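# fold the following for me, if possible:
(one chain, ligands or ions: 1)
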Amino acid sequence: MAKLRSDVTDLKFAADGKKRIVWADRDMPVLALIRARFEKQKPLRGLRMGCCMHVTSETANLMRTLTAGGATVALCASNPLSTQDDVAASLVRDFGVPVFARRGESVKVFYDHLNAVIDTRPHITMDDGADLVNTLHTQRQADAGNILASMEETTTGVVRLRAMAAHGLLKFPVIAVNDAKTKHLFDNRYGTGQSTLDGVVRATDTLLAGKRVVIGGYGWCGRGVAMRARGAGAIVTITEVDPLKALEAVMDGFDVRPMIEAAEFGEVFITVTGNKHVLRAEHFRKMRDGTVLCNSGHFDVEIDIPALAKMSKKVVKGVRRHVDEYQISLGKRIYLLAEGRLVNLSAATGHPASVMDMSFATQALAAEWAKKRGRQLTPGVHEVPTEIEDVVAKLKLKAMNVSIDRLTKEQAAYLASSGEGT
Ligand SMILES: NC(=O)c1ccc[n+]([C@@H]2O[C@H](COP(=O)([O-])OP(=O)(O)OC[C@H]3O[C@@H](n4cnc5c(N)ncnc54)[C@H](O)[C@@H]3O)[C@@H](O)[C@H]2O)c1
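Numbering: from 1, shown residues only. Okay, the predicted model is just below:
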């Protein structure tokens, strides 16, 4: 593909996008503080950054922050269905950020866009799912030498990168932003929890109260979805493969059982495991007429869609926006939301800005930290330094007007000693 300045659906959407970017910014006070400091100090001056993220209003505010810090930034989408076209247009028109993302783009265009970002020869990449890093290690190896470091936003990306590192394949340092407490404790849990249900409700208009909701996976995201589904009155069942997580779900008061059993009574199924084929033919066979399936894990492989299509007599696309009907037999229809892609970003607008404030503040500070270290960082997966986590947590509390106690000198000394008391 020829090098492009930008490739977005239509610049005429920019005015709406700008309004939404500014609206999200109101709820991103920590990122705004970092942006104000970056404006003055320009810590990212001279840096080219290539980002592959969900193109949302919150991401736009991260791009503004990196640019304010002096970086030259190019952005493509980390999922073909999550792009907010108005935001993409505004980033290009109002904020001068080259964007390569069109909502609903084909797989080929998705990869053309990834390559367009790599064509800008970034020093630092920022991924949500490790697609840039993967492309740099497979098809664009000549460009991998430029990379000082990469940032990774999500669990699935970190899992992929750790697998590459374990096989000695990772050629440059990657910072596991997902693993920072300021990210997964809040974004994965509260962000995915709320926005996944938002996606389900926007797509179906279903009443959650009294509904039998089955959640595949009780990790950070699964806990959030389960907590919010219960809050909305749903009767929640959890499926797990990890005995500790399963035990935690039981003690949190959820029904826990294998998917094959849950398949018989579940009305809404939500997968959020980062694994493949969590819902498959043996489960579809047991499901009732009208069952709704969706996924909030990173890739569209958690539901075995080819198997669902194969066992269907007919598939009616778009019976309603974001809903496809799979007719298994006369009287048995299964509804798939958002083509099995992240339902919170495809059928709703993703995580609320307030929670992305912390994830993206961590991203911006981690990028600054990586630039300062330059070539000192060794290839491999690195943790976000605790100082960064502390700064983000303190600033967020301050922005929320929440004060906390400080250790007295006596308490600090007590904790540093071997302790006493009966
Ligand atoms: N929708 C979003 O906006 C969003 C946000 C953050 C993360 N994610 C993605 O969500 C997925 C989960 O992330 P997480 O942070 O919760 O990960 P996690 O590792 O904390 O949790 C995943 C859980 O799934 C369980 N699991 C694995 N295979 C299973 C199976 N076959 N059946 C049942 N359970 C199974 C694991 O035991 C684990 O407890 C990842 O793909 C991640 O990238 C999505």
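# give me the spatial nearest neighbour of L395, chain neighbours excluded.
V30 (4.5 Å; Cβ to Cβ, 6 or more residues apart in numbering). All C-beta spots, glycine's among them, are computed from the backbone N, C-alpha and C.
# dump the residue contacts of the one you found.
Applying Cβ atoms under 8 Å, 6 or more residues apart in numbering to V30 gives the contacts 357-358, 361, 392, 395-396, 399.
# could those go into JSON lines alongside neighbour count?
Below are those laid out as JSON lines (neighbours: other Cβ atoms under 10 Å):
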{"residue": "D357", "neighbour count": "31"}
{"residue": "M358", "neighbour count": "25"}
{"residue": "A361", "neighbour count": "28"}
{"residue": "V392", "neighbour count": "27"}
{"residue": "L395", "neighbour count": "20"}
{"residue": "K396", "neighbour count": "19"}
{"residue": "A399", "neighbour count": "16"}
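# among the residues you listed, which lie within strands?
Judged by DSSP state E, the subset of the contacts of V30 located in strands is empty.
# which of those residues lies closest to the ligand?
Nearest to the ligand among the contacts of V30, counting by Cβ to the nearest ligand atom, is M358 at 13.0 Å.
# look up the closest residue to the closest one, ignoring the ones flanking it.
In space, M358 is closest to T182, 4.8 Å off (Cβ to Cβ, 6+ apart).
# buried ones in the strand or helix carrying the one you found?
Under the criterion DSSP states H and E, the helix or strand holding T182 is helix 181-183. Neighbour-count burial for helix 181-183, counted by 16 or more other Cβ atoms under 10 Å, picks out 182-183.
# do the same with stretch 202-222
Result for stretch 202-222 [16+ other Cβ under 10 Å]: buried residues 202-204, 208, 211-222.
# and H113, what helix or strand is that in?
Using DSSP H and E, H113 maps to helix 107-118.
# what packs against that helix?
strand 48-53, strand 72-77, strand 99-101, helix 131-138 (3 or more Cβ pairs under 8 Å, 6 or more residues apart in numbering; DSSP states H and E).
# sheet partners, orientation included, of the third one?
Yep, that's strand 99-101 we're talking about. strand 7-8 (parallel), strand 72-77 (parallel) (DSSP bridges).
# and those strands as a markdown table, adding mean neighbour count, distance to E248 and mean pLDDT?
Putting those into a markdown table (neighbours: other Cβ atoms under 10 Å; distance: least, Cβ to Cβ, whole Å; pLDDT from 0 to 100) gives the following:
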| stretch | mean neighbour count | distance to E248 | mean pLDDT |
| --- | --- | --- | --- |
| strand 7-8 | 22 | 43 | 97 |
| strand 72-77 | 26 | 34 | 98 |
